[in-house]
Structure formats: C-alpha cells, structure tokens
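[1] Quick check, what structure comes out for this input:
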Amino acid sequence: MKFGTVPVRDALGAVLAHSVDLGQGRLRKGVVLTKDHIARLEAASVHDVVVAALDADDVPENAAAQQLAQALVPDPAAACLRVTDAFTGRVNLLADGPGVAVLDVPALEALNRVHPMITLATVPPFAQMRAKGMVGTIKIISYAVPHAALEQACDIARASVRLARPVHATAGLIITEIPGGAGEKGRAAIEARVAALGMDMAEVRVIAHRQDALAAAIAGIRGDVILILTGSATSDDNDVGPAALRLAGGQVERFGMPVDPGNLLFLGHMTDKPVIGLPGCARAPALNGADWVLSRVACGIHVSADDIAGMGIGGLLKEIPTRPQPRNPSPRTKKV
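    As a prediction, this is how the structure comes out:
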C-alpha cells in the first residue's frame, strides 16, 4: 500500500485518507474514489488529496477485519459470541449471554506481533461478561494490510476466543449468625451475583455459627453450587467454615487467596458440588476475589489451588483507607 499526497487526476481507485470539504457537500475519508468523485473534487478546485493506493496483494480494511474475525471465531454459535459486521476496519466480538471470556493468550499475543496494523484487543482472561458485553474488538488500523500478514495472523489465532456460559443452573446460600453479627446483611448482593450469571437461588438457610449446624446445612441444602457466608470471618483452615465442610464429608482445596478484597475465601467441594466460602467483602456489591472464583465455577471451569495462587498479580482490586493499617498512612503531625 502506498500512502501520500497525489494530484486529484491520479487518485482514481485510491482510498481517500482524509475527509474533504467540497463546499456543497463533503467526501468522507475511507471512500474509494470514482470518476464522479474526481469530477466533484476538480469542480471544487481541489488539486491534491491524501490517499492510500492499494497494491495487488493488499486486503482492504473491512474485508481483512471480517476475515480475521472468521478465523478467531469460526463458529459463533458454538463460541457463544456474536460477530458484528465490519465498519471502518473494525469488528466487535460480543457475548451472547452471561459467562466468562476464555482466551488463548499465547495465540492472541502472537497475533498482535504479526503486523502492527492488524490488532485485537480483549477483556482480561476469565473476565465475567454480561449479554452483549464486548469480549474483543478487531481493528485493522490502516486502510489495507498485506494478504500474507493477514493469513499468518488468521492461522496463528484460529478459534482462540470464546465465551464459557454457565453450566450450573442454581445455587444454595448458607448464612451463619453470631450474636450482634451482620445477620443477613449482604444476602441481596450475593443473590445479585448469582442472578448476573443466569442462575437461580434455589435456597437460602440462616443458621447458628456452629460447626455441626453448618455441616448439616452443607449436606442438605439445595443448589448446584453451595455458597457459605459465615457470621464471623474465617481465620484459619480449621475454623468453623472449612471444618464444617470436612465434617459434612466434603473437601477443602484451598483457604486464602492473594486477592484484596477477598483474602479470606475458601474453596472446596461436597461430592460433585462446588463449595465457596465467601469472604466478608462479598456482602458488598463491589468487585472482590469471590467474583473471580464464582464466575469460573458457575461456568464449569475448574479452579485449582494453583489457579487461585496465580490471581495475585492484578489481584489488588481496591484501596480501602479504613483498614487497620492503611497502605498509605497519613503522616503524623509532629508536636511543637
């Protein structure tokens, strides 16, 4: 592709790079100049224009964006994505419903190294999506790209973007109470999280904060995923929440996560049901580590102890100045 200023008489078939005011109307950038366009430019006393003249092996921006989209998402229905039509070299990949983004990160990074004019931007891996949310956007920056580079990008990143939809339909919530505790505070926020994933809350039980009572509730509550919100923060792997899960016959896979807020989460399972011990911050609707775990679990993505350990980089989600030891304490005023 050749880019630059040319006489109007030599611009036939080229792509207009910048819009031109004709006095009576306007030629917008991106138009392929025809004989009629040339005549209008000359009538308006425009002598030179900035254009992109495509070479024989160049692929125009819209065709290139559409071709790359077809490679990234060869079966949109199976990938649970909607692929928009190309416009000004851009194609958007939209979620077909709630779920989490599943990305082949090495392939997508390699795609973006092929040619600087061939680009894909996405949400982070495993980002929770709502219906019609943008999972990714393809942008061909120039008016055309070389065919060979486009083919290379398509081959590298074929079928590398999809949306995992929820596979669990229901959840059960157990809230334990202590005298003077928070009680059912936070129930609405947790129910909203479940609903955002397209799930129904099958049952909510409010019980005493005792190991035996919690174990019985874990064993009997309805729901594909079990959520536990304890009245007192879980402080140890042998505290009431994890211990009750073991007493009920389940297993604890990990207590503690390097995500703040969200440190005090525990994860396990009861037979074939995932069990998430929610940190106290889940009482508020703000993003926390429990959201990262719940969204993956709801979509049938196994979350291992190693996966949780890997969440620490990027896991500082919010500065909370009211912590007992603020990260940025105010300088103490010196007495005079």
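[2] going forward, measure contacts and count neighbours with C-alpha atoms only.
    Will do.
[3] in the stretch 1-150 of the chain, which spans are strands?
    2-7, 15-16, 20-23, 25-27, 48-53, 58-60, 81-83, 90-95, 99-103, 118-122, 128-129, 134-140, 144-146 (DSSP state E, counting those that start in this stretch).
[4] who does the fifth one pair up with?
    For strand 48-53, the pairing partners within the sheet under DSSP bridges are strand 2-7 (antiparallel), strand 15-16 (antiparallel).
[5] got it, and the fourth one?
    Based on DSSP bridges, the pairing partners of strand 25-27 within the sheet are strand 20-23 (antiparallel).
[6] Touching the partner strand from outside, list them.
    Strand 20-23 is contacted from outside by 26, 27, 28, 29, 40, 41, 44, using C-alpha atoms under 8 Å, 6 or more residues apart in numbering.
[7] want to try a markdown table for the strands paired with strand 48-53, with mean pLDDT and distance to residue 239 as columns?
    Shown next, in a markdown table, are these (pLDDT from 0 to 100; distance: least, C-alpha to C-alpha, whole Å):
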| stretch | mean pLDDT | distance to residue 239 |
| --- | --- | --- |
| strand 2-7 | 96 | 68 |
| strand 15-16 | 96 | 68 |
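[8] hey, which of those is tucked in deepest?
    Among the strands paired with strand 48-53, ranked by average contacts under mean count of other C-alpha atoms under 10 Å, first place goes to strand 15-16 (a mean of 23).
[9] Quick one, grab the pLDDT at the residue nearest to the spatial centre of the chain.
    Note on the chain: the residue nearest the mean C-alpha position is residue 127, at 2.8 Å, using C-alpha atoms, centre = their mean. pLDDT for residue 127: 98.
[10] For this structure, give me the ranges with low pLDDT.
    319-336 (pLDDT under 70).
[11] how does it divide up, domain by domain?
    For the chain, the structural domains run 1-21+38-53, 58-164, 170-309, going by automatic domain parsing.
[12] Now tell me what touches stretch 283-295 from outside.
    So stretch 283-295 is contacted by 99-100, 126-128, 185-187, 189-190, 193, 197, 257, 259-263, 265, 276, 278-279, 281-282, 303, 315, 317 (C-alpha under 8 Å, 6+ apart).
[13] ok so, going back, may I have the residues that are in contact with the residue nearest to the centre of the chain?
    Residue 127 neighbours (C-alpha under 8 Å, 6+ apart): 100, 101, 292.
[14] now it: how far from residue 306?
    Distance of residue 127 to residue 306, given as C-alpha to C-alpha, to the nearest Å: 18 Å.
[15] closest to residue 212 among the contacts of residue 127?
    residue 292 (29.1 Å; C-alpha to C-alpha).
[16] for the stretch 201-336 of the chain, what spans make up the helices?
    211-220, 240-247, 289-298, 305-309 (DSSP state H, counting those that start in this stretch).
[17] which stretch among those comes nearest residue 140?
    Nearest to residue 140, of the helices of the stretch 201-336 of the chain and by C-alpha to C-alpha, is helix 289-298 at 31.6 Å.
[18] That closest one vs strand 99-103, what angle?
    Interaxial angle of helix 289-298 relative to strand 99-103 (axes from the mean of the first three to the mean of the last three C-alpha atoms, to 10 degrees): 80 degrees.
[19] how distant is helix 289-298 from the center of its chain?
    12 Å (C-alpha atoms, centre = their mean, to the nearest Å).
[20] Kindly report the same for stretch 20-38.
    Distance, centroid of stretch 20-38 to centroid of chain: 40 Å (C-alpha atoms, centre = their mean).
[21] what distance separates the start and the end of that stretch?
    12 Å.
[22] buried ones in that stretch?
    Residues of stretch 20-38 classed as buried by neighbour count (16 or more other C-alpha atoms under 10 Å): 20, 27, 29, 30, 31, 32, 33, 37, 38.
[23] now do stretch 42-55
    46, 49, 50, 51, 52, 53, 54.
[24] now it: how far from the chain's centre is it?
    Per C-alpha atoms, centre = their mean, the centroid offset for stretch 42-55 relative to its chain is 42 Å.
[25] And for stretch 8-19?
    Worked out by C-alpha atoms, centre = their mean, stretch 8-19 lies 40 Å from the chain centre.
[26] Would you mind pulling the contact partners of it?
    Applying C-alpha under 8 Å, 6+ apart, the external contacts of stretch 8-19 come out as 26-35, 38, 41-42, 46-54, 143.
[27] So which bits of that stretch are buried?
    8, 11, 12, 13, 14, 15, 16, 17.
[28] then it to CSV, C-alphas only?
    Extracted in CSV, the C-alpha atoms of stretch 8-19 (Å, rounded to 0.1, in the frame of the first residue of the first chain):
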residue,chain,number,x,y,z
VAL,A,8,-6.6,14.5,-8.0
ARG,A,9,-6.3,13.3,-11.6
ASP,A,10,-4.2,10.4,-10.4
ALA,A,11,-6.4,9.4,-7.4
LEU,A,12,-8.9,7.2,-9.3
GLY,A,13,-9.4,3.9,-7.4
ALA,A,14,-7.5,5.0,-4.3
VAL,A,15,-8.9,5.3,-0.8
LEU,A,16,-9.4,8.8,0.4
ALA,A,17,-7.3,9.2,3.6
HIS,A,18,-8.8,12.4,5.0
SER,A,19,-12.3,13.9,4.5
